[in-house]
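Asks: what follows is a predicted protein model with its sequence.
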Amino acid sequence: MTRRSWIGWQFTGPFLAVFTLVFLAPIAYSVYLSVFRTRLVGGTTFVGLENYTKALSDPQFWEALGRVSLFLVVQVPIMLGLALLVALAIDSGRLHGAGFFRIAIFLPYAVPAVVAAVMWGFLYGTRFGLVGNINEALGVTLPDPLSPDLILASIGNIVTWEFVGYNMLILYSGLRVVDTALYEAAAIDGAGQFRIVRSIKLPALRGPLVVATVFSIIGSFQLFNEPQILDTLAPNSITTYFTPNIYAYQLSFAGQQINYSATIALIMGVATTVVAYLFQRRSMRGIS
Amino acid sequence: MMITRRRALLGAALSISLLATGCSGSDDGDTGGTAATSVSEADVTAALEAGGNITVWAWDTTITKVAADFQTKYPKVKINLVNAGTGNDQYTALQNAITAGTGIPDVAQIEYYALPQFSLAKSVADLNTYGAKSLDGTFTPGTWNSVHAGDKIYGLPIDSGPMALFYNKEVFDKHGIAVPTTWAEYAAAAEKLHTADPKAYITSDSGDAGFTTSLIWQAGGKPYQVNGTEVTVNFGDAGSQKFATEWQKLIEKKLLSPVPGWTDEWYKGLGDGTIATLVTGAWMPSNLEKGAAAANGKWRVAPMPQWEAGGKSTAENGGSSLAIPEKAPNKTLAWAFLKYAAVDEGAQTRIADGAFPATTKHLADPAFQGKEFPYFGGQKVNEVLAASAGQVVTGWSYLPFQVYANSIFSDTVGKAYIGQGNLTDGLKAWQDASVKYGTEQGFTVK
């Protein structure tokens, strides 16, 4: 018995070592950092949970969290809805050039997020960008996508463009594993395409949809690249506490408040886990 | 879309370890932490003869040649010149290295506005140890004052940015606009120009902390008072308000181009005449020559517009010093390089490369002042800029946490540029946020 468990450790040991080093150690270090406070005058002191109580009453943190939550409840359904439509269309077998569409829609995901944000930044430009060109050519004044009122929607548009293809692929592969016998049976029963979608395909997609949603929840809470890149184009629209990640970045790299930054990061980590877990538990209820 | 916390931390850890490997392991026995022991000129000469390695962090391109020349002159000294990023990026790296205690460079380029942050924490060495006091009068009063904290000297000025009005003469002539001598005339010119050509703007400004503080400085405002760890932030003074009311008019009438500075669009605007003027530091000419080559021969330089008619006040914008981190491995050699680059042959080398000097000797040099700039239609640009250097309003100081304060400028004052509140509100919000941060950092802030 002891010999067997020893062999088991030999197999998992390398993984555990790497896991501890790159995963657990940074988290432990963040926890360690979060109970201290380093100041320009007075140095480092142990403050216990003070950083946490401060974060929970920090309006800038709540504003950032509120913003990504809004982003989550608006952008994610739109993105997944589009991904679902595309996946169903490609899977329907009635689309000419399905292979082309599959690749074309997936392609934006292969574009690095930074490049995508820069590219969209140019399109959004009201002076030399696409919006500017349209304004000039048609003699209209489109609203500025980089203005403070529209910036979040503009970012949502970029993220949707980037990730529809990725989610489409998750859903599409979910559809590919449906037993074709079910379709044959449905055809014999005289079911139309919409009935097949409702009674076979959508139930089959429940699992993949949950997975895609969990990824999207994590992605929304960690929104960083797009606003960070657009910040150079619209510095007054994107604050230094636009999203929790940007806030954490600002705190440690501009404000030298590494301890508080670690606290924000940990709180966000916990918040993301809790939301993702609750969602998963709720939506998987009834599935064995 | 996502930068994971894990990845961010790993990145930070990685950059620290990279910095550590970038450290030149040399140590000539110079004591790191304990200051006060005076280093004589003979010690410096001895160190130069003994040789060794020093690491220099600078982004200024003119330093490259200075470092090469220095090594030719002192063949036993090896300089490892590193570009650790421009401005804020470099300060972050430097702060990280200082906190980590390893990978600290021997010499670092630090802008005047950022120097107090390092001197306050005693992260940079007091150069009085090396007799920097004897350089009194070598530099312009403005820059020399900028490297002082009390009677301690934390850096040697390498360039300066006395401000002047750069304007596109062709655009001015086309619309019959006279060169403005006051800010009121400047506003009038802005209106006249934009009415005549709706695509053209007097200048571009979407909110720039350095520009704002420089204009307040020129108007006689002293929003920052610093006495050790006692700090006062007050944008309610007359100078600050003068700026806020006057500049607000330009914002409200939409007379400022919203193109952010230093972007391709900005250079394009400077080149094609849609951005007609720039009120900025004396380091601008070479940037215009390179970035807005299309406007060759069209630009001119005039004295900075005044707040009072007939006034002769200017301010500094930008400019940097070379400093020696307190825990630098090789401080004696570092000082030798500092002096070479800022005062001796290096200063001349840098001027020839287009830098604007901080040394009075070079500023007064007839060859320097008489140099004709083809880009500026043969104008003796340095005459105007050198005159500005002598008119900088005294008594200005930056916050000991100006780097942070500038980083939140767009959160607060920036709002005024997109129509949310006005500059007075914005400055007040900036003041409040700065006070909050200062208090959190242990300063006594009023």
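Replies: That came through fine. Residues are numbered from 1 along each chain as shown, chains lettered A, B, ... in the order given.
Asks: element containing residue B:406?
Replies: Under DSSP states H and E, the secondary-structure element containing residue B:406 is helix B:402-407.
Asks: and the helix or strand just after that helix with chain A, contact?
Replies: On the C-terminal side of helix B:402-407, the nearest following helix or strand under DSSP H and E is helix B:409-412. Yes. Part of helix B:409-412 sits close enough to chain A to count as contact by CB under 8 Å from any CB of the partner chain, namely B:410-411. Placement of C-beta: from N, CA and C, glycine included.
Asks: ok, then the element right after helix B:409-412?
Replies: Next along the chain after helix B:409-412, taking DSSP H and E as the criterion, comes helix B:414-417.
Asks: using CSV, write out the CA atom coordinates for that following helix.
Replies: Taking Å, rounded to 0.1, in the frame of the first residue of the first chain, the C-alpha atoms of helix B:414-417 are listed here in CSV:
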residue,chain,number,x,y,z
GLY,B,414,-9.0,65.5,-18.5
LYS,B,415,-12.8,65.5,-18.0
ALA,B,416,-12.9,69.2,-18.8
TYR,B,417,-11.6,68.5,-22.3
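Asks: that helix packs against which elements?
Replies: For helix B:414-417, the contact count by 3 or more CB pairs under 8 Å, 6 or more residues apart in numbering or on different chains; DSSP states H and E identifies helix B:238-252, helix B:423-440 as packing neighbours.
Asks: ok, 7 Å please
Replies: For helix B:414-417, the elements it packs on are helix B:423-440, judged by 3 or more CB pairs under 7 Å, 6 or more residues apart in numbering or on different chains; DSSP states H and E.
Asks: on contacts alone, who are the packing partners of the helix it packs on?
Replies: Counting contacts by 3+ CB pairs under 7 Å, 6+ apart, helix B:423-440 is packed against strand B:230-233, helix B:238-252, helix B:409-412, helix B:414-417, strand B:444-445.
Asks: any residues touching the last one, and which ones?
Replies: By that I understand strand B:444-445. When contacts are taken as CB atoms under 7 Å, 6 or more residues apart in numbering or on different chains, the neighbours of strand B:444-445 outside the stretch itself are B:229-231, B:233, B:435, B:438-439.
Asks: out of those, flag the one nearest to chain A.
Replies: Checking those against chain A by CB to the nearest CB gives residue B:229 as the nearest, at 4.9 Å.
Asks: if we can go back for a sec, contacting residues around the helix holding residue B:406?
Replies: Contacting residues not belonging to helix B:402-407 are listed as A:240, A:250, A:254-255, B:88, B:91, B:113-114, B:116-117, B:209, B:399, B:434, B:437 [CB under 7 Å, 6+ apart].
Asks: cool, and stretch B:168-185?
Replies: Residues outside stretch B:168-185 that contact it (CB under 7 Å, 6+ apart) are B:167, B:186, B:189, B:192-193, B:196-197, B:200, B:246, B:273, B:276-277, B:295, B:298-300, B:302, B:305-307, B:309.
Asks: how far away is the residue of the stretch 51-200 of chain B found nearest chain A from residue A:254?
Replies: Taking CB to the nearest CB, chain A has its nearest neighbour within the stretch 51-200 of chain B at residue B:92, 5.3 Å off. Using CB to CB, to the nearest Å, one gets 8 Å for the distance from residue B:92 to residue A:254.
Asks: and residue B:254, how many neighbours?
Replies: When neighbours are defined as other CB atoms under 10 Å in any protein chain shown, residue B:254 has 11 of them.
Asks: that one - nearest residue in space that isn't next to it in sequence?
Replies: Nearest residue to residue B:254 in three dimensions, chain neighbours excluded: residue B:194, at 7.9 Å (CB to CB, 6 or more residues apart in numbering or on different chains).
Asks: whichever strand or helix holds that neighbour to helix B:238-252, inter-axis angle?
Replies: Using DSSP H and E, the element containing residue B:194 is helix B:183-196. With axes from the mean of the first three to the mean of the last three CA atoms, to 10 degrees as the basis, helix B:183-196 and helix B:238-252 are set at 10 degrees to each other.
Asks: no further questions, thank you.
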